[in-house]
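>>> Test case, fold it:
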Amino acid sequence: MKKKIKEEKKKRTRVSTDSFYRFIIFTAFFLIIVVIITYVQKGEEWKLNVKVGEPAPKDVYSPFSFTFVDEEKTKEAKQREASRVYNVYRLNDSVNKKVLKEFNEFFSEINKARIKEGNANVSESINEVLSDASIKEILELKDITEFKDLAETTLSSILDTGIIDFDEKVELLDENKRAVILKRGNDENIISVYDLVSISEMQDRINKISIEKFPKKRRLRSAFVEILNHFIDANMIFAADETKLRKDTVFAETPNVEVNVKKNEIILRRGGIITEDQLMRLKEIENKIAKKKVAMGFIGVGVVALLFVIALVLYLSNFETKLYSSLKNILVINTAIIFNLLLNKVLLVFMEADIYLLPTSFAALLLAILIKPRAGIFVSIGMAVLSGVMVQNNPLVIITTLLASIIGIYSIIDIRRRSQFFIVGAVVGLINFSLIFSFSIMQEMTLLDAFYISRIGILNGFFITILLFLGLFIFENLFDITTPISLLELSDLNHPVLKRLIIEAPGTYHHSLVVSNLAESACEAIGANSLLARVGSYFHDIGKIEKAEYFTENQTSKDKSFHDNLSPRMSYFIITNHVKDGVELAKKHKLKRVITDFIVQHHGTSIVYYFYKKALDILKEDEGINVSDFRYPGPKPQSKEIAITLLADSVEAASRTLSEPTPASLRGLVDKVVNDKFLDNQLDECELTLFDLHKIKESFVRNLMAIFHTRVEYPEMINESIQGKKLNN
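This is a model prediction of the structure:
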C-alpha cells in the first residue's frame with residue numbers, strides 16, 4: 001500500500017513538472033513567433049528620399065506634436081561645458097621631500113668644509129651649486145645656521161606655492177584656459193593660469209626676495225640666489241584622471257538640447273532647399289511613425305500568435321493526447337514552426353526573395369513525416385495564417401500555404417523512400433503554380449505574364465524538396481526520431497548486428513524472423529505500426545549474441561544443456577541479462593531509442609518460469625523463494641507494437657514445444673499464451689483492447705498454421721538413368 005501511495009505521489013509530481021515545462025515551452029514559442037514576424041516588418045513607410053541641399057519635392061507638415069533631442073547641438077553643448085572645467089593639478093610631495101633632502105645634504109657638506117677650513121677642502125657637490133666667491137662668503141659666515149634656516153624657509157614657501165613646467169603653462173595658454181585647480185591635500189584653490197609660476201619665473205622672484213633679505217650684502221645675496229635656483233624644481237603635476245572625471249560629470253549633467261515641433265508645423269516647403277535641421281525633423285517623424293508601427297505590430301501579431309498557440313494546445317491536449325504528453329514531440333512541433341518562420345523572414349528581409357518563393361509549407365510537410373499527417377494538417381492552418389501576417393496579409397500566400405500543405409501531406413502518407421520527396425516537391429510546386437496562375441489571370445494579366453510570375457511556384461516546390469532532405473536528417477538526429485524511412489533503412493538484414501546474429505546465434509536469428517512476421521501481421525490486423533513492429537522484432541533479441549549457447553534455440557543437442565550444471569538463480573541471471581547486453585549493443589551500433597525500447601520491454605516483467613519451477617523443485621524446507629526474484633526487470637510494454645512483439649515472442653517460443661501442431665492445438669496454444677500474459681498484467685501499460693487481442697490471436701493462429709502446414713508425403717524418387725546403368729552392369 002505504501003509503495004502504491006509513493007508511486008502515485010511520484011506520478012503527480014511528474015505530471016506537475018511536465019505541466020510547468022509545457023507552460024515554459026509554449027510561452028517561449030509564443031514570444032519567438034511574435035519577435036520573428038514583427039522584426040523588420042516589410043511594407044510602406046512614411047519617408048521621403050531627400051538629401052541636404054536638394055529642393056523639397058512637396059510641402060510636408062508634422063502629423064503630430066513631439067519633442068526630440070538635437071543630438072549634434074546637445075553634444076556641442078556638453079563638450080562646451082566640459083571644456084570649461086578647470087584642469088586639476090596636485091603638488092608633488094615626493095618632489096618637495098627630495099628637494100629638501102638634497103638641500104639639507106648640501107648644508108651638511110658646507111658644515112664639513114667649514115670644519116676643515118678653506119676653499120680647497122670643499123666637496124665637488126658644493127662646487128656644482130656655488131661659485132668660488134659664494135663658497136668663500138658662505139664659509140666665512142659666523143652664523144651659518146641662521147642663513148640656512150632663512151634659505152630653507154624660503155625654499156619651502158616657494159615649493160608650497162607650486163612651480164609648473166614651462167611647456168605645460170604654454171600649452172594651457174594656447175588652449176585659452178583661464179585657470180586651474182591646485183590641490184594641496186584635501187584643500188584646493190583656483191589659480192589663474194597667468195599666476196602660475198614656472199622655474200624661470202620663480203628665479204626672478206628669488207632675486208627679488210634676496211634683495212629684500214640681503215639689501216646690503218651683495219655676495220651673500222648672490223650665494224642665496226645660487227642655492228635656491230639650484231634646488232627649486234617643478235612640483236605641480238597634472239591630475240589627468242580627476243580632471244577627466246570632473247569633465248565627464250559635467251558632460252553628463254549638462255541638459256540635452258530639446259527641439260519642440262507642433263502638430264501641422266511646416267517641415268519642408270516645396271522647392272525650398274533642405275537644411276540639416278529640416279532633415280533631422282523629417283527623420284524624427286519617420287522614426288516615431290516606425291516605432292508606432294512596430295508597437296501596433298507587436299499587439300496585432302501578438303493576438304494572432306496567442307490564438308494560434310492556444311488553438312495548438314487545445315488541439316494537442318484534446319485530440320492528440322499522446323503527442324501532448326510528450327515534451328519531445330511538443331519541442332519538435334514548435335521547433336519546426338519556428339525554423340520555418342525564421343527561414344521565411346531571412347529570405348524575405350535579408351535576401352529580398354519573392355513572397356511566392358517562401359517555403360511556407362515546409363513545417364507542415366516535415367511534421368507529417370516526423371510526427372503524423374494529422375498534426376501536419378493542423379500546423380498547415382497555423383502556418384498559413386502566420387505566413388500571411390508576415391507578408392502583410394497577402395491572401396494568395398495564405399491560400400497557397402494551406403492547399404499546398406494539405407495536398408502535399410496526402411502525397412507523403414506511407415512514404416518509404418527519400419526519393420519520394422521529389423514527388424512531394426512536384427506536387428507542392430504544381431499546386432503553387434496553379435494557384436498563382438489562377439490569381440494572376442483573375443487580376444487581368446496576360447497569359448504570358450501570368451505564366452512568367454507563376455514559375456516561382458515550381459521553384460518553391462524544388463526548394464521544399466531540398467529542405468525536406470536537410471530538415472529530416474537534422475530533426476531525426478537532433479530529437480532521436482524514427483521515421484518510416486529510417487525504419488526501412490534499419491530493416492536491411494545486412495545490418496552489422498544482424499549479420500553477427502545469423503552467424504553467432506542462428507537459432508535466435510530464425511526466431512526473430514518468425515516473430516517479426518507474426519508481429520507485423522498482427523499490427524496490420526489492428527491498425528498499429530507494422531513496419532515498426534517488424535524492425536523492432538529483428539533487433540529485440542540481439543543481446544543473446546553474447547551468450548548464444550545458453551539459449552535453447554541455439555543449442556544443437558537436446559540431451560545436454562549449458563544450464564545443467566548451473567543453479568536456477570544463475571541461469572535466471574544469464575537469461576535475463578540478454579536484455580542488458582542488447583541495450584549495450586544497441587548503443588554501440590547507435591540504434592534509435594524506439595528500437596532500444598523493443599529490447600528493454602519485449603519481456604515486460606514476465607517470469608522466467610522454467611528456472612522458477614526448477615528452483616521450486618529443489619527447494620529445501622527452510623528456504624523460501626519469491627516469484628519476483630525470477631521476473632524480468634521490465635518495464636512492461638509501453639506501446640501496442642512492443643506488446644504485440646512480446647506476445648509474438650512468447651507464442652513462437654511456445655509453438656516449438658508442440659509435437660503435433662494442428663489447427664486446434666495451435667489455437668489452444670495461442671489462447672493460453674495470450675491469456676497468461678493478460679492475467680499476468682503484462683499488457684496493462686499499453687493501449688491494446690480486448691477486441692485488439694481477439695484480432696491478434698486470430699492473426700497468430702493464421703500465421704502459425706501457415707508455418708506448420710502439413711505436406712503430402714512424397715514417394716522416394718528413383719533416378720531411372722542410374723538404375724539403367726546398374727542393370728546393364
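>>> Outline the domain layout of the chain.
1-53+275-319, 83-248, 324-481, 486-707 (automatic domain parsing).
>>> low-confidence ranges in this structure?
1-15, 40-48, 116-122, 290-295, 557-560, 619-624, 709-729 (pLDDT under 70).
>>> which residues does the nearest residue to residue 21 once chain neighbours are set aside contact?
Among residues not flanking residue 21 along the chain, residue 327 sits closest, at 5.7 Å (Cβ to Cβ, 6 or more residues apart in numbering). In short, each C-beta sits where N, CA and C put it, glycine included. Counting by Cβ atoms under 8 Å, 6 or more residues apart in numbering, residue 327 makes contact with 18, 21, 22, 25.
>>> which of those count as buried?
22, 25 (16 or more other Cβ atoms under 10 Å).
>>> Please dump the contacts of residue 327 into TSV; it should also carry distance to residue 609 and secondary structure for every row.
Listed next are these as TSV, based on distance: Cβ to Cβ, whole Å; DSSP: H, G, I helix; E, B strand; the rest coil:
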residue	distance to residue 609	secondary structure
18	37	helix
21	42	helix
22	43	helix
25	45	helix
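>>> In terms of helices and strands, where is residue 664?
helix 663-679 (DSSP states H and E).
>>> Need the contact partners of that helix.
With Cβ under 8 Å, 6+ apart as the test, helix 663-679 has contacts from 604, 606, 646-647, 650-651, 654-655, 658, 683, 693, 696-697, 700-701, 704-705, 708.
>>> same check, this time on stretch 351-362
336, 340, 343-344, 347-348, 380, 383-384, 387, 391, 394, 396-397, 400-401, 404-405, 408, 428, 432, 436, 453, 456-457, 459-460, 463-464, 467-468, 471.
>>> just the CA coordinates of stretch 94-106, formatted as PDB?
The C-alpha trace of stretch 94-106 is given here as PDB (Å, rounded to 0.1, in the frame of the first residue of the first chain):
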ATOM      1  CA  SER A  94      57.800  63.400  -3.400                       C
ATOM      2  CA  VAL A  95      59.500  66.300  -5.300                       C
ATOM      3  CA  ASN A  96      59.200  68.500  -2.300                       C
ATOM      4  CA  LYS A  97      60.800  65.900   0.000                       C
ATOM      5  CA  LYS A  98      63.500  65.200  -2.500                       C
ATOM      6  CA  VAL A  99      64.400  68.900  -2.900                       C
ATOM      7  CA  LEU A 100      64.500  69.500   0.900                       C
ATOM      8  CA  LYS A 101      66.600  66.300   1.500                       C
ATOM      9  CA  GLU A 102      69.200  67.400  -1.100                       C
ATOM     10  CA  PHE A 103      69.100  70.900   0.400                       C
ATOM     11  CA  ASN A 104      70.000  69.600   3.900                       C
ATOM     12  CA  GLU A 105      72.600  67.200   2.500                       C
ATOM     13  CA  PHE A 106      74.200  70.200   0.700                       C
END
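>>> Would you indicate which residues of that stretch are buried?
95, 96, 99, 103, 106.
>>> and these, which of them are in helices?
Among the buried residues of stretch 94-106, the residues falling in helices (DSSP state H) are 95, 96, 99, 103, 106.
>>> Leaving aside the residues adjacent along the chain, what's closest to the fourth one?
Read it as residue 103. Per Cβ to Cβ, 6+ apart, closest to residue 103 is residue 231, 5.1 Å.
>>> What strand or helix carries the spatially most central residue of the chain?
Geometric centre of the chain, nearest residue: residue 335, 11.9 Å, by Cα atoms, centre = their mean. Assigned by DSSP H and E, residue 335 belongs to helix 327-345.
>>> Extract the C-alpha set from the helix or strand just after that helix and format it as PDB.
Later in the chain than helix 327-345, the nearest helix or strand by DSSP H and E is helix 362-370. Only the C-alpha atoms of helix 362-370 are listed here, as PDB (Å, rounded to 0.1, in the frame of the first residue of the first chain):
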ATOM      1  CA  PHE A 362       7.900  23.100 -45.100                       C
ATOM      2  CA  ALA A 363       6.900  22.800 -41.400                       C
ATOM      3  CA  ALA A 364       3.600  21.100 -42.100                       C
ATOM      4  CA  LEU A 365       5.200  18.600 -44.500                       C
ATOM      5  CA  LEU A 366       8.100  17.900 -42.200                       C
ATOM      6  CA  LEU A 367       5.900  17.300 -39.200                       C
ATOM      7  CA  ALA A 368       3.600  15.000 -41.200                       C
ATOM      8  CA  ILE A 369       6.700  12.800 -41.700                       C
ATOM      9  CA  LEU A 370       8.200  13.100 -38.300                       C
END
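>>> Show me how far helix 362-370 is from its chain's centre.
The chain centre lies 22 Å from the centre of helix 362-370; the measure is Cα atoms, centre = their mean, to the nearest Å.
>>> Run the angle between that helix and helix 327-345 for me.
Put simply, helix 362-370 runs at 150 degrees to helix 327-345, going by axes from the mean of the first three to the mean of the last three Cα atoms, to 10 degrees.
>>> hmm, back to that, narrow the contacts of helix 663-679 to those that are buried.
Neighbour-count burial (16+ other Cβ under 10 Å) applied to the contacts of helix 663-679 gives 604, 606, 646-647, 650-651, 655, 683, 693, 696-697, 700-701, 704.
>>> From those residues, which land in helices?
Filtering these for helices - DSSP H - leaves 646, 647, 650, 651, 655, 693, 696, 697, 700, 701, 704.
>>> can you tell me how far the last one sits from residue 670?
What that stands for is residue 704. For residue 704, the distance to residue 670 equals 7 Å [Cβ to Cβ, to the nearest Å].
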